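> give me a 3D structure for the following:
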Amino acid sequence: MGEAIKEGVKTVTLADTVGINIPQEFGEMVTYLKANTPGIDDVVVSLHCHNDLGLASANTIAVQEYTGLHVQPHKPIVGNNCFVHESGIHQDEMLKNGSTYEIFSPEDIGIERSESSGIVLGKLSGRHAVKVRLRKLGYEIISDEKLRDIFSRFRDLTKQKKRITDADLSALMVLYGDEISSKISEGTVLNEPIPQISSVDPNPDPDIRRILQFLEGYPTPGYPRTPDPDKDNKIMDPPDKDPDPDTLKLSGYPPSQA
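Below you'll find the model as predicted:
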């Protein structure tokens, strides 16, 4: 391959033409070639997997993990977006009957869903999906009125972020929910990274600013925080900050007293 690259080749294809590789050895082979082929960083590397032993998808995923060569999200069957749903109508039906929009499940081809039930939360999501995800996180919203309130704040947050994570939902419940998750009261930290928040609105309304400020101080995954019952059971001030009173007013702190 090095000689071909010298001659001006722009794309090289690594093939498992007879389909006999298992994921570990195929991943190691690609890693070795990436590390030891002169000029390979200057060309496109593609893979060609055969499915004689039913391992084509598994081999492709193994190469992703070994090398960081990622399959584009919209790739049929194996792309990250193939089995996820954001539209509220789709999500509602998926929660009732997953076969409505999927002719087969990702588990049938050895792929685990990247999100709970294949559902990602964003601006198109509905109340049903939000309520189900909150329940999975340990929150039980009893009243329809409280669900409407949380969902309204959820929709406001989607104007600032494309994807709403489990950490975002926990922040909403800590700040605005009457029911505090057993996970939070026990000091458990969610095992997902908290993405950097880039606001599309430089001056979001005070409620949304409070959520964003809270998330800035959210505990680092893998490092449990010490539970503080006095704070865990009421609306929290921004963690690790001691702003002046004028800043607090601009940010919506303290909560207005009825």
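> strands along the protein, start to end?
For the chain, strands defined by DSSP state E occupy the ranges 11-16, 44-49.
> just give me the lowest mean pLDDT stretch among those strands.
Per-stretch mean pLDDT for the strands of the chain is lowest at strand 44-49 (a mean of 84).
> who does that one pair up with?
Taking DSSP bridges as the criterion, strand 44-49 sits next to strand 11-16 (parallel) in its sheet.
> only alpha carbons, please: show the strand it pairs with as PDB.
Extracted in PDB, the C-alpha atoms of strand 11-16 (Å, rounded to 0.1, in the frame of the first residue of the first chain):
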ATOM      1  CA  THR A  11      -8.000   5.900  -1.300                       C
ATOM      2  CA  VAL A  12      -6.800   2.500  -0.100                       C
ATOM      3  CA  THR A  13      -9.200  -0.300   0.800                       C
ATOM      4  CA  LEU A  14      -8.500  -2.900   3.400                       C
ATOM      5  CA  ALA A  15     -10.500  -6.000   2.500                       C
ATOM      6  CA  ASP A  16     -11.600  -9.200   4.300                       C
END
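> which other residues reach it?
By Cβ atoms under 8 Å, 6 or more residues apart in numbering, the surrounding residues in contact with strand 11-16 are 1, 4-5, 26, 29-30, 33, 40, 43-50, 56, 59. The way it works is simple: take the backbone N, C-alpha and C, and place the C-beta from them, glycine included.
> hmm, try it at 10 Å
Contacts to strand 11-16, defined as Cβ atoms under 10 Å, 6 or more residues apart in numbering, come from residues 1-2, 4-5, 21-22, 25-26, 29-30, 33-34, 37, 39-40, 43-53, 55-56, 59-60, 63, 69.
> quick check: closest non-adjacent residue to Phe40.
Wrong residue type there; residue 40 is Ile, not Phe. Counting by Cβ to Cβ, 6 or more residues apart in numbering, Lys34 is the residue found nearest to Ile40 once chain neighbours are left out, at 5.9 Å.
> now swap in Ile22 and tell me
Leaving aside its sequence neighbours, Ile22 sits nearest to Leu55 (Cβ to Cβ, 6+ apart; 6.3 Å).
> please work out how many residues are found near Ala62.
Using other Cβ atoms under 10 Å, Ala62 has 22 other residues around it.
> so how far is Tyr66 from the closest residue to it other than its chain neighbours?
Leaving aside its chain neighbours, Ala62 sits nearest to Pro23 (3.5 Å; criterion: Cβ to Cβ, 6+ apart). Going from Pro23 to Tyr66 by Cβ to Cβ, to the nearest Å gives 9 Å.
> quick one: Ser99 and Asp108 touch, right?
No - shown here, Ser99 and Asp108 do not form a contact pair, counting by Cβ atoms under 10 Å, at 11.6 Å.
> now do the helices in the stretch 1-150 of the chain.
2-6, 23-36, 56-67, 88-96, 127-136, 144-158 (DSSP state H, counting those that start in this stretch).
> which intervals of the stretch 101-250 of the chain have sub-threshold pLDDT?
By pLDDT under 70, the low-scoring segments of the stretch 101-250 of the chain are 113-117, 142, 177-250.
> cutoff 50 now
For the stretch 101-250 of the chain, the stretches flagged by pLDDT under 50 are 179-202, 218-250.
> what would the helices of the stretch 1-150 of the chain look like in JSON lines with distance to Ile77?
Formatted as JSON lines, these follow (distance: least, Cβ to Cβ, whole Å):
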{"stretch": "helix 2-6", "distance to Ile77": "29"}
{"stretch": "helix 23-36", "distance to Ile77": "16"}
{"stretch": "helix 56-67", "distance to Ile77": "7"}
{"stretch": "helix 88-96", "distance to Ile77": "18"}
{"stretch": "helix 127-136", "distance to Ile77": "24"}
{"stretch": "helix 144-158", "distance to Ile77": "29"}
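> just the CA coordinates of stretch 90-99, formatted as CSV?
Presented in CSV, the C-alpha positions along stretch 90-99 are these (Å, rounded to 0.1, in the frame of the first residue of the first chain):
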residue,chain,number,x,y,z
HIS,A,90,-42.1,8.3,16.1
GLN,A,91,-41.0,8.1,19.7
ASP,A,92,-44.5,7.7,21.0
GLU,A,93,-45.1,4.7,18.7
MET,A,94,-41.6,3.2,19.3
LEU,A,95,-42.4,3.2,23.1
LYS,A,96,-45.7,1.3,22.3
ASN,A,97,-44.5,-1.0,19.5
GLY,A,98,-40.9,-0.9,18.3
SER,A,99,-41.6,-2.9,15.1
